[in-house]
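Participant: here is a sequence with its predicted model. Questions after.
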Amino acid sequence: MIQYLALLLALALGALPGFAADAWSPTKWQNTPAWQSRSGGWLAVVSESRARLIYLGPAEGRVNLLYAPPAPAPLRPRGGHIAWLGPQAEWYGGREVWPPPGGWESAGSASVSSSGDTLTMVLPRVANLPVLSRSYFWKDRALHCQVAWSGGKGSYQVIQIVQLPPQAMVTARPGGASGGGFIRISVDGRNRRESPAGSPEIAMRADGAVQIRSREGRAKFGFPPQPLRAVIGRYSLVMERGETLGRVLDSPDAGFDTQVYVGGKVHPFVEIEQLSPRLKNAGKAENAFTVILKPGMRDFLP
């Protein structure tokens with residue numbers, strides 16, 4: 001109990017605005033090259049071989065708030081922070097929505113650079129598609145994750161996904177005056193409205209919010225843009241929407257740009273997602289979308 005209270009105090013002090021973060025420095029993750037940075041009582045580790053944030057949790061490194069399988073299964077995401085360009089329905093000429101292009105999901109970084117407080121990884125080029133990069137930096141104990149793209153043809157949305165352990169419970173708020181404004185997203189790509197009573201993964205709270213947790217089967221839900229709050233054991237993780245750079249064209253997901261996926265017994269993870277609007281290709285200029293990850297303690301979750 002005393003150790004837990006000491007941990008709460010250390011993490012609370014580290015959460016004070018303006019708390020300095022360490023510079024990014026080389027390290028190892030599962031015996032592979034990686035980079036790490038601490039802010040307050042929290043540690044972020046970015047893997048070069050998976051080209052992504054792969055650990056986020058207490059600085060001693062014992063509790064990963066992210067799902068990070070040691071050996072990902074074929075054609076399955078490799079855990080941590082996932083970033084693609086969408087809409088998925090337009091991949092492969094609209095014929096398939098899986099798997100993602102290999103350079104976005106199954107390849108290591110093409111280059112890594114650290115400048116000031118920011119770590120940037122550039123992903124390998126994929127055919128005629130834009131070049132993707134992922135940048136990470138701390139600000140006031142929150143980890144900012146920016147995905148940028150340039151080049152290629154057409155217009156795209158940025159899909160940012162964070163995979164969490166299967167026991168994670170996520171809280172979201174349906175939109176609309178009736179509190180029923182959310183959709184269930186089916187595997188065939190069609191969005192159908194689903195009431196809370198119709199989904200075993202959904203539980204209503206007295207304040208109108210819904211809690212989502214993994215059950216037997218797979219399910220995915222879309223909500224109006226908003227922060228998502230996840231509880232993982234005694235810890236919490238908030239995923240907020242940050243800055244969007246580029247000319248907005250439309251919303252491919254009908255405005256339900258905050259999404260939650262639960263894998264049930266099929267996939268041992270939970271996914272929290274933030275999708276950007278579709279952005280017009282700006283040629284050599286950069287388009288970008290940022291999400292903000294705020295680790296914390298469950299007892300202090302707002």
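Facilitator: Now that the structure is in, tell me what you want to look at. Numbering: from 1, shown residues only.
Participant: which residues touch Lys139?
Facilitator: When contacts are counted by CB atoms under 8 Å, 6 or more residues apart in numbering, Lys139 is found next to no other residue. C-betas here are computed from N, CA, C, even on glycine.
Participant: measure it to Val162 for me?
Facilitator: Relative to Val162, Lys139 is positioned 18 Å away (CB to CB, to the nearest Å).
Participant: ramachandran angles for Ser37?
Facilitator: phi -150, psi 140 (degrees, to the nearest 10).
Participant: bridging residues for it?
Facilitator: Partner residues in beta bridges with Ser37, using DSSP bridges, are Ala44.
Participant: and whatever helix or strand Thr290 lives in, how far out from the chain middle?
Facilitator: Taking DSSP states H and E as the criterion, Thr290 maps to strand 287-297. Distance of strand 287-297 from its chain centroid, counting by CA atoms, centre = their mean, to the nearest Å, is 8 Å.
Participant: could you say what helices and strands the helix or strand hosting Phe221 packs with?
Facilitator: Assigned by DSSP H and E, Phe221 belongs to strand 219-223. With contacts defined as 3 or more CB pairs under 8 Å, 6 or more residues apart in numbering; DSSP states H and E, strand 219-223 has these neighbours: strand 183-185, strand 258-262.
Participant: and those strands, which one is worst for confidence?
Facilitator: For those, the weakest mean pLDDT is recorded on strand 183-185, namely a mean of 85.
Participant: just checking: what are the partner strands of that strand?
Facilitator: By DSSP bridges, strand 183-185 pairs with strand 191-193 (antiparallel), strand 219-223 (antiparallel).
Participant: lowest mean pLDDT across these, which one is that?
Facilitator: strand 191-193 (a mean of 61).
Participant: sheet-wise, list the partners of whichever helix or strand comes after it with their directions.
Facilitator: Per DSSP H and E, strand 191-193 leads on to strand 202-204 as the next helix or strand towards the C-terminus. Sheet pairing of strand 202-204 (DSSP bridges) gives strand 210-212 (antiparallel).
Participant: now find how far off-centre the strand it pairs with is within its chain.
Facilitator: For strand 210-212, the distance from its own C-alpha centre to the chain's C-alpha centre is 18 Å (CA atoms, centre = their mean).
Participant: stretch 71-89 too?
Facilitator: Stretch 71-89 has its average C-alpha position 11 Å from the chain's average C-alpha position, going by CA atoms, centre = their mean.
Participant: my guess is Leu119 meets Gln36, correct?
Facilitator: No - contact status for Leu119 versus Gln36: not in contact, 9.4 Å apart, counting by CB atoms under 8 Å.
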